[in-house]
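J.: compute the structure for the input listed below.
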Amino acid sequence: MKLSLTSALLLTAVMILGLSGCSGETDLYKTIPANVVAVARTDFGQLAEKSGFTKTGDTYTAPDYISESLGKKAAKISEFLNYSHCVDLDGALFVTATSDLSFLTFTITDFKEFCAALKENGVTIEENGGFNSASLGGRALLFNDNQGWLVGGMMPAKAAEEINKILKAAGEMPVKKLEGICNYLESGDEIFRAAFCSSVILNQVRDKAEVTDPWWIVMSANADDRRISFEASRMKADGESLPFEGLQPVNPAVLGYVSAEAPIVLLAGLTKDFDWDSTAKVIETLGGLQARGFMGVVLPYLRAIDGTALLALDMENMSEPENSQYTAMVHMPQEAVNDALSAIAKMLSSYGMPFKSDERHSIMVDAYGLHLYAGNIDGYLGVSSEPFSPNHDNGLAKDFVGKNGGLYVNIPSLRNFAPTAPGWGICLEVALETDGIKGSLRLNNSNAPILPTIISAAL
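T.: The predicted structure is shown next:
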């Protein structure tokens, strides 16, 4: 399901209604099938507070930046907020059941008051598929005495049909029986927690091939005034932690080939056990026909990687990517390095692109706007927009010692992308370990609270 930003904000507003109390008599986890793609829980009280909402009694008031950006639609948010006396969404759950069906489900604490509040706001209630239903601007609201569902992109009749299928499947095997997943989603005090089922996702990208060892990716996110932090790890349904496979410590020495000013650096230590086949299927699914052709060419070389892989980008003006500088290095057996260099040379020749060689570089191209240098660089297949030099003093090297990988993005200002973009930038730091991923996002050149700043820019 794809929602516009405005729709997502209105949906969020609905979920801010109930910010305290227990989950009532309805256990939402019993109404969700175990074979969904993802389940997520959000602490909307924290989210509202850190996004700049103010609360007086049961009424929430949107901050000026939302009111100014959304105009009359901001008033719709305020209308939704008046439901807090009859809806408890402290334990509301986002569910992605399939690629075509996502919904929010929540507990209704006072059915009569909920119906009255809907009618007071001009909502017409009808019956569809055994549910009370209403149409809310392209979204279907379904509810019974104690539970509600908000389904995007469907009319109520179709939504009722789909939710009935969901309830039938949940009756056979609900998420409730996945004790580890439920405990994870309900523990902790982060703003956001989610669980993604690998077996469902991989079955989809593998054309329904069986996944013999299902596991989940669980992740959480939190925020304070200046920073958004997040973590992710692998877990079995019973709660047993699983390591990420196919990883090994990186060699930070490769950063000697990267300028200290490079704003984007990605490092990963990979073994031959890394699951490139599933990774390729995901990329092909997301990227379509063009990505499928690309992966068909590079997959044999990716499978040969056994060591550190590096990608660094340095763009002085990000609105002109053709002028960007790049460096890519991957460690693999020397035979595979030579095969890859031979394939690059044949490709250049087929396009009539002249190239030269020197002691360090097997291939040097500086023609028709293309700058490319490739060679066997200290046992790595190296491809760069500049001649390779190991003499850079990159301060990031110390941060990658003993780690299996990571991502570093340091953009001083978003105006590097467009002149009308905000003056602040972002700093994203992610560390990859065998037991999980940890990262944080903060703003550059701004002392403003991070959530309102990002939301305001998005609006």
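J.: next one: phi and psi at residue 434?
T.: Per-residue torsions, residue 434: phi -60, psi -30 (degrees, to the nearest 10).
J.: ok, it to residue 269 distance?
T.: When distance is defined by C-beta to C-beta, to the nearest Å, residue 434 is 10 Å away from residue 269. The way it works is simple: take the backbone N, C-alpha and C, and place the C-beta from them, glycine included.
J.: the more surrounded of those two?
T.: Between residue 434 and residue 269, residue 269 has the larger neighbour count (other C-beta atoms under 10 Å), namely 24 against 16.
J.: element containing the more buried one, please.
T.: strand 264-270 (DSSP states H and E).
J.: residue contacts, residue 143?
T.: Listed by C-beta atoms under 8 Å, 6 or more residues apart in numbering, the contact set of residue 143 reads 108, 114, 131, 132, 133, 149.
J.: mind picking the lowest-pLDDT entry from the residues you listed?
T.: For those, the model is least confident at residue 114; its pLDDT is 89.
J.: can you give me the neighbour number for it?
T.: Count around residue 114 with other C-beta under 10 Å applied: 22.
J.: check residue 435 too.
T.: Residue 435, neighbours per other C-beta under 10 Å, totals 12.
J.: thought it was touching residue 233?
T.: Yes. Between residue 435 and residue 233 there is a contact under C-beta atoms under 8 Å: 6.4 Å.
J.: what touches both of these two?
T.: Jointly contacting residue 435 and residue 233 under the rule C-beta under 8 Å, 6+ apart are residue 241.
J.: re the thing from before, so which of the contacts of residue 143 sit within helices?
T.: Among the contacts of residue 143, the residues falling in helices (DSSP state H) are residue 114.
J.: out of the contacts of residue 143, which comes closest to residue 60?
T.: When those are compared for distance to residue 60 (C-beta to C-beta), residue 114 wins out at 17.4 Å.
J.: pretty sure the closest one contacts residue 88?
T.: No. Using C-beta under 8 Å, residue 114 is not in contact with residue 88, being 10.6 Å away.
J.: return every residue with contacts to both of these two.
T.: residue 108.
J.: so residue 346, which of the three states?
T.: Under the three-state scheme (DSSP: H, G, I helix; E, B strand; the rest coil), residue 346 adopts helix.
J.: tell me how far it lies from residue 224.
T.: 53 Å.
J.: more crowded one of these two?
T.: residue 224 (12 against 9).
J.: list the contacts for the more buried one?
T.: Per C-beta under 8 Å, 6+ apart, neighbours of residue 224: residue 50.
J.: per-residue confidence for it?
T.: Looking at residue 224, the pLDDT reads 93.
J.: mind starting the numbering at 274 from now?
T.: Okay, residue one is now 274; in that scheme the one you just asked about reads as residue 497.
J.: how far away from the center of its chain is the lengthiest helix in the chain?
T.: Longest helix in the chain by number of residues, with DSSP H as the criterion: helix 549-576. Distance of helix 549-576 from its chain centroid, counting by C-alpha atoms, centre = their mean, to the nearest Å, is 19 Å.
J.: ok, now stretch 510-529?
T.: Centre to centre, stretch against its chain (C-alpha atoms, centre = their mean), the figure for stretch 510-529 is 19 Å.
J.: first vs last residue of that stretch, how far apart are they?
T.: Between the opening and closing residues of stretch 510-529 lies a distance of 42 Å (C-alpha to C-alpha, to the nearest Å).
J.: how near is residue 443 to residue 437?
T.: 11 Å.
J.: the more surrounded of the two?
T.: Neighbour count, other C-beta under 10 Å: between residue 443 and residue 437, residue 443 has more, with 20 against 15.
J.: and the residue lying closest to the more buried one once chain neighbours are set aside, how many neighbours?
T.: Nearest residue to residue 443 in three dimensions, chain neighbours excluded: residue 306, at 4.7 Å (C-beta to C-beta, 6 or more residues apart in numbering). Residue 306: 19 surrounding residues under other C-beta under 10 Å.
J.: contacts only, for residue 306.
T.: 370, 439, 442, 443, 445, 446, 447, 448.
J.: confirm the first one sits in a strand?
T.: So the one you mean is residue 370. Yes. Checked against three-state DSSP, residue 370 lies within a strand.
J.: can you list phi and psi of the closest residue to it other than its chain neighbours for me?
T.: Counting by C-beta to C-beta, 6+ apart, residue 370 lies nearest to residue 309, which is 4.8 Å off, once chain neighbours are set aside. Residue 309 adopts backbone torsions of phi -80, psi 160, taken as degrees, to the nearest 10.
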